[in-house]
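# Predicted structure and sequence below. I'll ask about it afterward.
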Amino acid sequence: MDIKKRIYRHKKQSIHYFENASIYIKQKDAEKASEFLWGAMTQALKATALSKDMLLRRHNDIRKYALELRKTGDEDIYHAFTIAQSLHSNFYETGLLLEDVTIGAEEIKNAMSKLLSRIPEEP
């Protein structure tokens, strides 16, 4: 698959996952919303990295890229990544309150916006 198509596929998937998370937040399903928020954040990071010719395949690759962004001054993106990571755990371990998920969603939304704005619109 063409690299540009892959970038836009990740970008679209990120937005789609965030929309699904919003639906599950409204339905008060913290666990499902948590997993979709994790997916939204990771897809945004993958899209951004791929636009810089970096392929992120594994969880550890994604974490390292988020940490690299932190070192270049994008502290809020790394912070949102750590929130997404804890939300990912919430899907399996449960226990976070819906309010925690909702607050996390706002931070992830802001980070996604920042990340995805770095990718030009699809032609």
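Yep, that arrived.
# Over to residue 111. Which of the three states is it?
Secondary structure assignment for residue 111 (DSSP: H, G, I helix; E, B strand; the rest coil): helix.
# Tell me the spacing between the residue lying closest to it once chain neighbours are set aside and residue 56.
Leaving aside its chain neighbours, residue 111 sits nearest to residue 80 (3.4 Å; criterion: CB to CB, 6 or more residues apart in numbering). All C-beta spots, glycine's among them, are computed from the backbone N, C-alpha and C. Separation of residue 80 from residue 56 (CB to CB, to the nearest Å): 16 Å.
# out of these two, which sits in the busier spot?
residue 80 (27 against 20; other CB atoms under 10 Å).
# can I assume that one is in contact with residue 106?
No: counting by CB atoms under 8 Å, residue 80 does not reach residue 106; the two are 9.4 Å apart.
# Now the residue nearest the centre of the chain. Nearest residue, chain neighbours left out?
By CA atoms, centre = their mean, the mean C-alpha position of the chain lies nearest to residue 41, the distance being 0.2 Å. Among residues not flanking residue 41 along the chain, residue 84 sits closest, at 3.8 Å (CB to CB, 6+ apart).
# Which strands or helices does whichever strand or helix holds that neighbour pack on?
If you go by DSSP states H and E, residue 84 is part of helix 75-93. Under the contact criterion of 3 or more CB pairs under 8 Å, 6 or more residues apart in numbering; DSSP states H and E, helix 75-93 touches helix 30-50, helix 59-71, helix 98-116.
# Reformat those helices as CSV; add mean pLDDT and distance to residue 17.
Converted to CSV, the helices and strands packed on helix 75-93 look like this (pLDDT from 0 to 100; distance: least, CB to CB, whole Å):
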stretch, mean pLDDT, distance to residue 17
helix 30-50, 96, 4
helix 59-71, 95, 14
helix 98-116, 96, 9
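# Deepest-packed of those, please.
helix 30-50 (a mean of 24; mean count of other CB atoms under 10 Å).
# Can you give the distance from that helix to the centre of its chain?
3 Å (CA atoms, centre = their mean, to the nearest Å).
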